[in-house]
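> Next comes the sequence, and after it the predicted model I'd like to discuss.
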Amino acid sequence: MRMFLVIVMFLFSQPLLAQKLMILGDSLSAAYGLQESQGWPALLAEKTELTLINASISGETTGGGLARLPALLAQHQPDWVLIELGGNDGLRGFNPDLIANQLREIILLVKQHNAVPLLMQIRIPPNYGPRYVQRFTDIYPKLAAEQQITLWPFFMDEIAIRPELMMQDGIHPNADAQPLIRDFMYELVSQLQSD
């Protein structure tokens with residue numbers, strides 16, 4: 001009996017491994033034009049109990065993310081993967097069917113590694129024409145429904161409409177925007193920990 005109690009006390013005294021959230025994104029999540037420590041993922045890592053792995057690269061496309069993903073999954077063994085990709089595909093005018101197919105492959109790969117995919121809605125500027133913009137925007141809710149996964153709102157929706165929070169290129173959030181994105185993302189990430 002005493003040995004049993006000792007074993008139980010030992011098990012409960014061990015720190016629980018922090019659950020991991022990997023961010024597979026582009027420049028919006030890669031602290032483009034800023035120090036890495038200024039970006040919202042680094043700021044969020046200071047606030048959440050989750051272990052955050054930021055696998056975002058500026059200029060990344062869905063094809064690039066798909067190519068990098070197997071090695072990232074094997075290396076980090078995340079519990080969740082936030083997929084924040086597609087913006088660069090859209091800005092280059094890639095076929096929406098191609099974008100959707102590559103995002104689908106990313107989602108399926110994440111599932112195969114027993115991680116939970118989280119898809120972020122991405123938007124592109126309206127100057128790409130209403131038909132293309134609508135086809136692009138529709139990719140995300142359709143995929144989320146098809147794959148029965150969570151669709152998170154775009155963290156840039158409330159940032160992009162405020163010029164004082166944007167860099168001169170009108171595409172990337174500046175340093176002042178990063179804490180606001182961090183707070184927005186913290187609300188979403190907190191839902192993972194409470195599930």
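Structure received. Residues are numbered from 1 along each chain as shown.
> What pairs with the helix or strand harbouring Leu151, parallel or antiparallel?
For Leu151, the element it lies in under DSSP states H and E is strand 150-152. Paired neighbours of strand 150-152 in the sheet (DSSP bridges): strand 116-120 (parallel).
> After the strand holding Leu151, heading C-terminal, what element do we hit next?
Downstream of strand 150-152, the next assigned helix or strand under DSSP H and E is helix 178-194.
> Contacts for that following helix next, please.
Helix 178-194 is contacted from outside by 19, 21, 31, 34, 38-40, 43-44, 47-50, 80, 152, 155-156, 158-159, 165, 173, using C-beta atoms under 8 Å, 6 or more residues apart in numbering. (Each C-beta comes from the backbone N, C-alpha and C, glycine too.)
> swap the cut-off to 6 Å and go again
Residues lying outside helix 178-194 but in contact with it, judged by C-beta atoms under 6 Å, 6 or more residues apart in numbering, are 38-40, 43-44, 47-48, 152, 155.
> The closest residue to Ala144 other than its chain neighbours and Ile122, how far apart?
Leaving out its chain neighbours, the residue that sits closest to Ala144 by C-beta to C-beta, 6 or more residues apart in numbering is Leu151, at 3.7 Å. Using C-beta to C-beta, to the nearest Å, one gets 11 Å for the distance from Leu151 to Ile122.
> More neighbours: which of the two?
Looking at Leu151 and Ile122 with other C-beta atoms under 10 Å, you find the greater number of neighbours at Ile122, namely 25 against 16.
> Do I have it right that that one meets Gly86?
Yes: between Ile122 and Gly86 a contact is recorded at 4.4 Å, counting by C-beta atoms under 6 Å.
> and the residue nearest to Ala144, bridged to which residues?
When bridges are taken as DSSP bridges, the partners of Leu151 come out as Leu119.
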